[in-house]
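Enquirer: Build me a model from this:
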Amino acid sequence: IYTSMSRFDTCFFERYARVSLEKLLDEGFAALLNKDRPDLQSADGRSIGIEVTRAMPESKEAADTMLKEMAGIRPVKSAGVESGDLDSMLASGYGYGLDDGQYVGSREYDYWSLALPMRRIIENKVSKAGNGFYGEFESLALYVFSKDALSDSEVADIMDFTMNLQSENKIRYDFLYLSEINNLNVCDLRSAQMVCHPISRVQRRDFFLASLEH
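Expert: Model (predicted):
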């Protein structure tokens, strides 16, 4: 078990977002820098900007609890999982997945369930973007972790809500990424198109571990 809490700093969610975008969408996302305002930026500071919601209660106690729970995970080989590794992962409470691919361990569920209400998150982030808080980028995006599974109609509703909310703003998000446990929904807010990218149980594990190591 990891003992150094440096792996679980406040940038964990930003790293997870970057890893998932790189592996599911485009390798170019790997070059994004983890900064602030917004959280992920291209090296030139103007091409790509992605704000990531860490989606957790606004209290130190909640953050500390999450970090301690996450410290129970063990590194495993990407190419496969030996029986001992699988036993360790399941015992830790983090879900590797059973045959149906839907199993989520109790501690991993706690990690995802820290998401704040979607409406509140988006209203806050759209307001900040519109006020120039994040600056201006050629492409500005919002990456939101969701505690709940989202149906296609719910994703469409969230996309429409975001588009309407920022319709009068000079600075708008071009993309909205809705990250669930098993899916990454990519919403193009310019064309109102959306694509769902499934995240397998193996990918979920690999994204999680990669986010600890970078």
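Enquirer: going forward, measure contacts between C-alpha atoms and count neighbours the same way
Expert: OK.
Enquirer: how near is residue 39 to residue 32?
Expert: Residue 39 sits 9 Å away from residue 32, taking C-alpha to C-alpha, to the nearest Å as the criterion.
Enquirer: ok, now residue 135?
Expert: 16 Å.
Enquirer: Neighbour count for those two, which is higher?
Expert: Neighbour totals were compared for residue 135 and residue 32, and residue 32 leads with 20 against 16 (other C-alpha atoms under 10 Å).
Enquirer: That one and residue 43 touch, don't they?
Expert: Yes. Here residue 32 reaches residue 43: they are 6.6 Å apart, a contact under C-alpha atoms under 8 Å.
Enquirer: Ignoring the adjacent residues along the chain, who's closest to residue 148?
Expert: Once flanking residues are discounted, residue 148 sits nearest to residue 180: 6.8 Å by C-alpha to C-alpha, 6 or more residues apart in numbering.
Enquirer: Report how many residues lie close to the one you found.
Expert: For residue 180, the count of nearby residues is 18 (other C-alpha under 10 Å).
Enquirer: my read: residue 189 touches residue 159, true?
Expert: Yes. Counting by C-alpha under 8 Å, residue 159 is a contact partner of residue 189 at 7.0 Å.
Enquirer: Need the residues touching each of these two.
Expert: Common neighbours of residue 189 and residue 159 (criterion: C-alpha atoms under 8 Å, 6 or more residues apart in numbering): residue 176.
Enquirer: where along the chain do the helices fall?
Expert: 12-24, 60-70, 83-92, 106-112, 118-130, 152-165, 201-213 (DSSP state H).
Enquirer: same question for the third one, mean pLDDT?
Expert: Here the mean pLDDT over helix 83-92 is 49, rounded to a whole number.
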